[in-house]
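Trainee: what follows is a predicted protein model with its sequence.
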Amino acid sequence: MKFIPFSVLFLFVSSFFVHASEIVVSGNDTMQFDIKTFEVKAGEPVTLTLNNTGNLPKIAMGHNLVILNKGISAIAFGQKALGAGANATNPLPDSVKDDVLANTKLLGPGESDTVTFTAPKETGSYEYVCTFPGHFAMMRGTMIVK
Ligand SMILES: [Cu+2]
């Protein structure tokens, strides 16, 4: 049997298993996501964590992260969610979920949520947004599928 150096074996094994993209985004009391753009690989698993790093009460400054299907604008979706009754305790009404690729729950200060999903097979830009009322104008970003 041939001797395989550990480092080579490790590279070989990791090339098989380290495909998942791990994305960590924070939202804060100034209505900002710290990451406005991130990339994932088409058709591969994504682990997305949102941290609310603010201090203000959830009812006043809650955050979620909602990734939209291709072609759905964050601004337009924010308005649509409001029109569908989005509020400070239910910022993502069921009636608008057809436009949603993946979403975290609504987080209060110091809270965190992790969701896993499969990146779309179709490459391109997918917008994301916080749908807490009033936040969609500022809390937006783009997931790029490559
Ligand atoms: Cu928000």
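Mentor: Done, it's in.

Trainee: below-threshold pLDDT in this structure: ranges please.
Mentor: 1-19 (pLDDT under 70).

Trainee: for it, which residues are neighbours of the ion?
Mentor: Residues of the chain that fall close to the ion, judged by CB under 5 Å from the ion: 63, 130, 132, 135, 139. For the C-beta atoms, the positions are set from N, CA and C on the backbone; glycine is no exception.

Trainee: what is the burial count for the second one?
Mentor: Neighbour count of residue 130, defined by other CB atoms under 10 Å: 29.

Trainee: check contacts around it.
Mentor: 27, 31, 33, 63-66, 91, 136, 139-140 (CB atoms under 8 Å, 6 or more residues apart in numbering).

Trainee: 7 Å instead?
Mentor: Residues in contact with residue 130 (CB atoms under 7 Å, 6 or more residues apart in numbering) are 27, 63-65, 136, 139.

Trainee: who's in contact with the residue nearest to the spatial centre of the chain?
Mentor: With distances taken as CA atoms, centre = their mean, the residue of the chain nearest its centroid is residue 65 (4.9 Å). Applying CB under 7 Å, 6+ apart, one finds that residue 65 lies in contact with 25, 48, 50, 103-104, 128, 130.
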